[in-house]
Each structure stands twice: as C-alpha cells, then as structure tokens.
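this one's sequence-less:
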Ligand code: PMP
C-alpha cells in the first residue's frame, strides 16, 4: 500500500506521473526507446525541454522576456552561481537571512563580493519572517528565500526591492500564485514541487544577461545555458522528463490558483489540530506560517518517540523534524493528497487524546 509521504525533498510525486514515468522507462510513447536511452540532442528531447519551459512560463504567467533553464548542481549551486554571475568584488548584495538555506546563500555570496544582511530572524531561531526593513538602492541585487523549508516560515507578502530581485523558491515553487514578474531571477530545486532530485530550475529575465560583465567557466555561466537552451552539456534527461509530466499534471489540476487553494486547505487543517491541542506547539509565528512545511514540536519532548511510532504505524513517513529545530515537520507539497493530511491529523488527534500533558509538563514554545 502507498504510504503517506511527508518527505521534505525528494518528496511525494503524483501517482499518475510515477506511472507514466515508469512506462517511459521501458518505452517512451511507442518509440522503441526508453526515455533513459534517448539522445539529449534528438527531436524528442528537444520537444520535452520546449514544452516544459513553456509550461513553467504559462503557469507563472511570464512572457517572452523570460527564459527557463533546467540545470544541475541543486539549488546549492545557485547559491554561488548567482553572485558569481552578478556580483563583483567592489559591489554589495542585499540578503534576507531567514534560515539555514538563506545563510548558506549568504556564505557563498561573500566569496564574490560584499553582503549586506538587511533583515534576519536568526536570533529567534528563524521562527518568523522579518518585516519593515528597507533594501538600499545601492545594492546590486536583493535575495530572499521565499519559503524556509527547515523552520516552516514563508513570505506571504514579498518585500519591495528597488534593485534586481532574486529568489530561492526551492520549497514553494509553483505552489501558489505569485507576482512572478516582480522577480528578475528565480531558482528552485525540482525535488519538492516539480519533479525528482537532479534538476534545478532557473527562471530569469533575459535582459539580465547583459549585466554579466566577466569571463566565467562555461558550466557556471547563465549566458551559456540560455544560448544553448539548457543543452550545453548532457542534462538530466529523465529528471526533466518527469518534471514535464508533473507540470502537465499541475496544469490539468487548474494551475497555480487551483493548487494554492488545495495547499491552503491542507495547511489549515493541520495547523488547526496543532493549535487546538496543547500537546503540539507550532514553531513559526502564526502570520508567517508556511503552507508547505508545517513544523511543530511536542510540549512533552519525551513523547516524541511514541508519536513517531504512531505515525509510522499509520503509514506516515518523512515527518521527523530537521535537527536544528527538532520535533516534527510535515511537508505538504503539491502532490501530497488531502487524505494524507487527514491521516496525519487523525493520528495527532488520537495521540493527543491518549497523552494529555499536565500543565507542569508543558514546556513553553518559542
Ligand atoms: N533552498 C531551499 C529553500 C531548500 O529547501 C533546499 C533543500 N532542501 C536548498 C536550497 C538546497 O537544495 P539542493 O539540495 O537542491 O542543493
């Protein structure tokens, strides 16, 4: 029986996509070849890239002025590729530090230029999204992480940027309607909402390429990948094919508007259970709660093992929290069915009913 897959990434994919992908591994659309065997230079794969690209743009409502790249190296490579392409030694980039991934992006940017951390929630263990800060007009660009996978916080309103605007959207890419054209460059590892691990999507305003004024290694130069339509070297053929299937699935579901509604329902259901039982404590400030990664601890930490066991028994996998927060994290990406959230809520209800904490045992949350 299929499990309830709450993994933070790689994570759940639509069953239809898994079925179609597995058929294509044996034979791609009656072509006599497996998708694992086709040439990345052939017409078939060119069609896959072109359709996947067009779908990303269509879903985000972006036009001809944007390009979509399918790269490798994960979002982590983008942490360095972004400043390597756009930041020079004498320049300063503005970053919001909202979690582990944002701080890793900052660390890489410092290798290429100066970094102004214009906002940070580090002192509060990243339990909220900083607000009321300004991005200086002198910065080369401003970088945010739209959803903080580990801490379960999310930008629900994007701060204004007077300069080039870049975003790591790895864990909420294509999960909600966004004003995409506000951003000059968006990157995301595919392994949460778009496909399997091994593909990194970059959506960039073509005009941005004129701002790159240095010689770079080809594999780290956005211009090279735009000129070659993501096919400078051998790309992750199978991964991109599965991304295409997932993008088609998302469009069939009704696109971002429809998936956002479903994601909101899933998150609301889970947060409601967390808020109703004193046994559960949400990590993030309510107004900044992520609709993708729901992070919570138990007010009696000694019950964590028993809770995990109850989840495992119910076929729930992937909810153990990241070591920096502890507790639990339920990742509710696009392909996670509502039934899986219902199953988790049921376990939480039952567990809370049979393990009422006494007021003395309660530990105050952050
Ligand atoms: N950014 C965010 C927001 C992430 O959640 C992750 C991975 N969980 C990364 C970057 C790093 O991605 P990758 O492992 O693809 O390098």
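Sure, I can see it. Remember, it's a predicted structure, so these values are computed and weren't measured experimentally. Numbering: from 1, shown residues only.

so where's this protein shaky on pLDDT?
357-366 (pLDDT under 70).

for it, which segments count as helices?
Secondary structure of the chain, counting by DSSP state H: helices at 15-26, 43-60, 74-86, 100-109, 222-227, 237-253, 255-276, 304-313, 338-354.

so which of the ones you listed is nearest residue 201?
Nearest to residue 201 among the helices of the chain is helix 43-60 (6.7 Å), distances taken as C-beta to C-beta. For the C-beta atoms, the positions are set from N, CA and C on the backbone; glycine is no exception.

can you give me the buried ones in that closest one?
Neighbour-count burial for helix 43-60, counted by 16 or more other C-beta atoms under 10 Å, picks out 44, 45, 48, 49, 52, 53, 55, 56, 57, 59, 60.

against which helices or strands is that helix packed?
Packed against helix 43-60, as judged by 3 or more C-beta pairs under 8 Å, 6 or more residues apart in numbering; DSSP states H and E, are the following elements: strand 66-71, strand 200-205, helix 237-253, helix 255-276.

pretty sure residue 216 is touching residue 84, no?
Yes. Shown here, residue 216 and residue 84 form a contact pair, counting by C-beta atoms under 8 Å, at 6.4 Å.

and the buried residues of helix 43-60 as a markdown table, adding distance to residue 14?
Shown next, in a markdown table, are these (distance: C-beta to C-beta, whole Å):
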| residue | distance to residue 14 |
| --- | --- |
| 44 | 22 |
| 45 | 22 |
| 48 | 18 |
| 49 | 21 |
| 52 | 16 |
| 53 | 20 |
| 55 | 15 |
| 56 | 17 |
| 57 | 21 |
| 59 | 15 |
| 60 | 19 |
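
closest one of these to residue 311?
Top of the list for closeness to residue 311, among those and by C-beta to C-beta, is residue 59 at 32.5 Å.

show me what contacts that closest one?
With contact taken as C-beta atoms under 8 Å, 6 or more residues apart in numbering, residue 59 is in contact with 174, 247, 250, 251, 255, 256.

buried ones among those residues?
Neighbour-count burial (16+ other C-beta under 10 Å) applied to these gives 174, 247, 250, 255, 256.

related to what we said a few turns ago, which of residue 216 and residue 84 has more neighbours?
Taking neighbours as other C-beta atoms under 10 Å, residue 216 and residue 84 compare with residue 84 leading, 22 against 14.

in this structure the more buried one contacts residue 215, no?
No. At 11.3 Å, residue 84 and residue 215 do not qualify as touching, with contact defined as C-beta under 8 Å.

count of neighbours near the residue of the stretch 51-200 of the chain found nearest the ligand?
Relative to the ligand, the nearest point of the stretch 51-200 of the chain is residue 74 (2.5 Å; C-beta to the nearest ligand atom). Burial measure for residue 74: 17 neighbouring residues, criterion other C-beta under 10 Å.

would you confirm that it contacts residue 190?
No. Residue 74 sits out of contact with residue 190 when judged by C-beta under 8 Å, with a separation of 9.4 Å.

which residues do these two both contact?
Jointly contacting residue 74 and residue 190 under the rule C-beta under 8 Å, 6+ apart are 197, 200.

what parts of the protein come near the ligand?
Within the chain, the positions near the ligand by C-beta under 6 Å from any ligand atom are 9, 74, 75, 76, 101, 145, 149, 168, 170, 171, 189.

and which of those residues is nearest residue 90?
The nearest member of the residues of the chain next to the ligand to residue 90, counting by C-beta to C-beta, is residue 168 at 24.5 Å.

how much space between that closest one and residue 75?
Residue 168 sits 6 Å away from residue 75, taking C-beta to C-beta, to the nearest Å as the criterion.

no more questions from me, cheers.
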